[in-house]
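Participant: sequence first, predicted model second:
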Amino acid sequence: MISTFTVLFDANVFYGSRLRSLLMELAQTGLFRARWSEDIHREWMTNLLANRKDLNKEAIDRTRKCMDAAVLDCLVTGYEPLIQALTLPDGNDRHVLAAAITGRASMIVTFNLPDFPADAINGFGIHAKHPDDFLLDVESIDSEMFLDAIVRDFEHYKDPPLTVDDYISSLEKANVPKTAKFLKERKVLLISDP
């Protein structure tokens, strides 16, 4: 199944590894079409490397390449001519909106909702949504596929191993507390702890 529901991920949702990993797992389900750009990659990678001296550029670049390989047709190109014509509260975010327009996204998934006000983006048939709300929207499309993706994501964490409770707690710390609460209430990950 390949959905026509297209979302563009802003750089800030890729900054944290736990949320980035979950979004990549979900992007492979076909429940939505995930898009981003090289500028978005550059932004999250630059910020991560500036704030995490324990990481190196080669490892982060390897992550970027894996992301691009894992999600079919994820990279939006050719949006640059639109950037100057767009108006947003922060001009540095115009490349995100330009990529969303060019990539035919109906949603920008971002932690920075005030940077994408409805009056600036709705005219393009686009709205912005917090990652927590987006995750629960995906769950409502197909709960079984969503939960299967959660389990696959959880199973990645073997070194060091995570318990189910640690995994849920890490999602809470990744600023998706409603998703964490959803998982906690259902104890969906009925996997024996490592």
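Facilitator: Yep, it's here.

Participant: so what pLDDT did the closest residue to Asn12 other than its chain neighbours get?
Facilitator: Counting by Cβ to Cβ, 6 or more residues apart in numbering, Asn12 lies nearest to Phe111, which is 4.6 Å off, once chain neighbours are set aside. C-beta: built from backbone N, CA, C; applies to glycine. Looking at Phe111, its pLDDT reads 98.

Participant: and Phe111, that's in a strand?
Facilitator: No. If the criterion is DSSP: H, G, I helix; E, B strand; the rest coil, then Phe111 is coil and not within a strand.

Participant: contacting residues for it?
Facilitator: Applying Cβ atoms under 8 Å, 6 or more residues apart in numbering to Phe111 gives the contacts 10, 12-13, 130-131, 175.

Participant: now, which of those sits nearest Arg62?
Facilitator: Val13 (19.2 Å; Cβ to Cβ).

Participant: pull up the distance across stretch 6-15, start to finish.
Facilitator: 21 Å (Cα to Cα, to the nearest Å).

Participant: Ile121 reaches His127, doesn't it?
Facilitator: Yes. Assessed by Cβ atoms under 8 Å, Ile121 is found in contact with His127 at 6.6 Å.

Participant: what sits in contact with each of these two?
Facilitator: Common contacts of Ile121 and His127, defined by Cβ under 8 Å, 6+ apart, comprise Ile108.

Participant: next, Met107: phi, psi?
Facilitator: Backbone torsions for Met107, taken as degrees, to the nearest 10, come to phi -150, psi 140.

Participant: just to revisit the earlier point, are any of the contacts of Phe111 buried, and which?
Facilitator: 10, 12-13, 130-131, 175 (16 or more other Cβ atoms under 10 Å).

Participant: mind checking which of these land in helices?
Facilitator: Counted as lying in helices by DSSP state H, out of the buried ones among the contacts of Phe111, are Pro131.

Participant: all strands for the protein, in order.
Facilitator: Remark: strands assigned in the chain by DSSP state E are 6-9, 33-35, 107-109, 127-129.

Participant: which residues touch the last one?
Facilitator: Contacts of strand 127-129 with the rest of the structure, by Cβ under 8 Å, 6+ apart, involve 106-110, 113, 116, 118, 121, 137.
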